[in-house]
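K.L.:
Structural data only, the sequence is not supplied:
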């Protein structure tokens, strides 16, 4: 890999060239895709970057210059770059087409596209859809925020028969021509709104997923009155609209149905039949995860996967790393890693999977409103251990909820103290916070938690 601080390569005539903004994983995939097709491009990044030795393009490091970018025929912006960056706003106003890699992918992909977006649950849902539809002739590829960069799927000049994409609001806000045959909006919660002009813009970005859908396409939406206008609009265009959520199988296409004994079952529609699986038969834990399973089952059924294959897959799925993942029993208690629970809604869902739990929380709150957590914390948490550089807001939450609280500071200290808390109670890492105050990302935080739990095996 070459580390570039500034371009030393000659600048070509730009009127027929593409500017690639952000030279991380997506930017490199975009530049490589263009290079394979003989389309000249130049890269731009505001920080020093590493690019493959095989990628021979000019790369400019430093503040984005609207005048330079306006010289290009087209600008492709990576999802990590703020869409409201002043230079990009000025370029759009100048009339130069500005888009993301999703439009570039959509221009070339000719197969069946399945798309998943939402604040929480995307990766689990996409992973299951990938597993289930891979049993069909021609299989399926997963890309986007999961696995490979989507443009890498087209690196041989061909096009897979099917692709399922995990899509963020950042990818969708800069996309105009995506046309999924089957699409689902899992949820929209108060997260990542800081990278949009406001919460409404965040929601609008998610809804762009359905912009091009029409007759013969399928859209899945939450069973919430908030989405009724969108459902009506899609239905008026001939889109088949599925609603999912918590409730009766008589009124929903897929979801989680509560039972009289306090347990629940998941369901989905398979042709004229309604299929059910009891929660006790699902190794993955938590009602929120079970809802994702039901949605993935509906996708598989809509594409013709047999009910028996769907049932076999769901009853053997143990969940993904850092998503309410059991780390087993150590120090006479079970430990659960839900480091991916980076916002209050996700933490509520994780806590609701337990009667009583030792809760490890805290981190970078991003000024999130923690008050919705209070009732769940009061009912589910026996003791809270707070990590992160600014524990005050989490301590105040726990005090409001009437829960005993310890400021642990680090994951390692929290694990050590949890091992000596009330005997037998499970321990849950569900921070309700981002991780960047102490870690690179939620995955690194989850790995640190798992390592600390493993270290207990030799110290207890």
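P.N.:
Everything's here; your move. Just so it is clear, the model here is predicted, and its values are computed rather than measured.

K.L.:
Can you identify the element that follows the helix or strand hosting residue 265 toward the C-terminus?
P.N.:
Following DSSP states H and E, one finds residue 265 within strand 264-270. Following strand 264-270 in sequence order, the next helix or strand is strand 273-278 (DSSP H and E).

K.L.:
related to what we said a few turns ago, which strands or helices does the strand holding residue 265 pack on?
P.N.:
strand 254-258, strand 273-278, helix 287-302, helix 307-314 (3 or more Cβ pairs under 8 Å, 6 or more residues apart in numbering; DSSP states H and E). For glycine as for every other residue, the C-beta is placed from the backbone atoms N, C-alpha and C.

K.L.:
okay, the angle between the second one and strand 254-258?
P.N.:
Which is strand 273-278. Put simply, strand 273-278 runs at 50 degrees to strand 254-258, going by axes from the mean of the first three to the mean of the last three Cα atoms, to 10 degrees.

K.L.:
so what's residue 222 up against?
P.N.:
185-187, 243-245 (Cβ atoms under 8 Å, 6 or more residues apart in numbering).

K.L.:
partners of it in the sheet?
P.N.:
residue 244 (DSSP bridges).

K.L.:
where's it relative to residue 132, distance?
P.N.:
21 Å (Cβ to Cβ, to the nearest Å).

K.L.:
Regarding the closest residue to residue 356 other than its chain neighbours, what is its secondary structure?
P.N.:
Distances taken as Cβ to Cβ, 6 or more residues apart in numbering put residue 382 closest to residue 356, at 4.9 Å, once the chain neighbours are dropped. The local conformation at residue 382, judged by DSSP: H, G, I helix; E, B strand; the rest coil, is strand.

K.L.:
in the protein, which helix or strand is least confident?
P.N.:
strand 2-4 (a mean of 52; mean pLDDT, DSSP states H and E).

K.L.:
Tell me which of the helices and strands packed on strand 264-270 lies nearest to residue 336.
P.N.:
Of all the helices and strands packed on strand 264-270, it is helix 287-302 that lies closest to residue 336, at 11.7 Å by Cβ to Cβ.

K.L.:
Who are the packing partners of that closest one?
P.N.:
Here helix 287-302 touches helix 122-133, strand 182-185, strand 218-222, strand 240-246, strand 254-258, strand 264-270, helix 307-314, helix 344-351, going by 3+ Cβ pairs under 8 Å, 6+ apart.

K.L.:
Now render these as JSON lines, adding mean pLDDT and distance to residue 424.
P.N.:
Compiled in JSON lines, the helices and strands packed on helix 287-302 are given as follows (pLDDT from 0 to 100; distance: least, Cβ to Cβ, whole Å):
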{"stretch": "helix 122-133", "mean pLDDT": "96", "distance to residue 424": "28"}
{"stretch": "strand 182-185", "mean pLDDT": "98", "distance to residue 424": "39"}
{"stretch": "strand 218-222", "mean pLDDT": "98", "distance to residue 424": "36"}
{"stretch": "strand 240-246", "mean pLDDT": "97", "distance to residue 424": "30"}
{"stretch": "strand 254-258", "mean pLDDT": "97", "distance to residue 424": "27"}
{"stretch": "strand 264-270", "mean pLDDT": "97", "distance to residue 424": "25"}
{"stretch": "helix 307-314", "mean pLDDT": "97", "distance to residue 424": "29"}
{"stretch": "helix 344-351", "mean pLDDT": "93", "distance to residue 424": "18"}
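
K.L.:
What is the neighbour count of residue 231?
P.N.:
Residue 231 has 20 neighbouring residues, counting by other Cβ atoms under 10 Å.

K.L.:
Ignore what I typed, I meant residue 52.
P.N.:
Neighbours of residue 52 (other Cβ under 10 Å): 11.

K.L.:
Can you give me the distance of it to residue 65?
P.N.:
Distance of residue 52 to residue 65, given as Cβ to Cβ: 25 Å.

K.L.:
before we move on, back to that, give me whichever of the helices and strands packed on strand 264-270 is most buried.
P.N.:
Among the helices and strands packed on strand 264-270, helix 287-302 has the highest mean neighbour count (mean count of other Cβ atoms under 10 Å), at a mean of 25.

K.L.:
Any idea how far that one is from the middle of the chain?
P.N.:
Its chain's C-alpha centre and that of helix 287-302 lie 16 Å apart, by Cα atoms, centre = their mean, to the nearest Å.

K.L.:
Now do that helix, average pLDDT.
P.N.:
Summarised as a single mean, pLDDT over helix 287-302 is 97.

K.L.:
Got phi/psi on the closest residue to residue 69 other than its chain neighbours?
P.N.:
Distances taken as Cβ to Cβ, 6+ apart place residue 91 nearest to residue 69, at 4.8 Å, with adjacent residues excluded. The phi/psi pair for residue 91 (degrees, to the nearest 10) reads phi -70, psi -40.

K.L.:
Residue 68 is in contact with residue 91, correct?
P.N.:
No: with contacts counted by Cβ atoms under 8 Å, residue 91 stays clear of residue 68, the gap being 9.5 Å.

K.L.:
and for the two, which residues touch both?
P.N.:
In contact with both residue 91 and residue 68: no residue, using Cβ under 8 Å, 6+ apart.

K.L.:
Looking at the two, which has the bigger crowd around it?
P.N.:
residue 91 (26 against 16).

K.L.:
residue contacts, that one?
P.N.:
66, 69-70, 75, 98.

K.L.:
ditto for residue 339
P.N.:
Residue 339 neighbours (Cβ under 8 Å, 6+ apart): 322, 429-431, 435, 442-443, 445-446, 449.

K.L.:
run the last query once more with 10 Å
P.N.:
321-325, 360, 363, 411, 429-431, 435, 439, 441-450 (Cβ atoms under 10 Å, 6 or more residues apart in numbering).

K.L.:
so what's it closest to, chain neighbours aside?
P.N.:
Per Cβ to Cβ, 6+ apart, closest to residue 339 is residue 446, 3.5 Å.

K.L.:
Count the residues that sit near that neighbour.
P.N.:
24.

K.L.:
For the helix or strand encompassing it, which outside residues touch it?
P.N.:
Using DSSP H and E, residue 446 maps to helix 442-459. Helix 442-459 is contacted by residues 321-323, 325, 327-328, 330-331, 333, 335-342, 360, 363, 387, 410-416, 418-419, 427, 429, 431, 433-436, 438-439 when judged by Cβ under 10 Å, 6+ apart.

K.L.:
and those residues, which are buried?
P.N.:
322-323, 325, 327, 330-331, 333, 335-342, 360, 363, 387, 411, 414-416, 418-419, 427, 429, 431, 433-435, 438-439 (16 or more other Cβ atoms under 10 Å).

K.L.:
where does the stretch 151-300 of the chain have low pLDDT?
P.N.:
Counting by pLDDT under 70, the ranges of the stretch 151-300 of the chain that qualify are 156-158, 190-197.

K.L.:
All the strands of the stretch 301-450 of the chain, residue numbers only.
P.N.:
Using DSSP state E, counting those that start in this stretch, the strands of the stretch 301-450 of the chain run over 325-330, 333-337, 357-361, 381-387, 405-409, 427-429.
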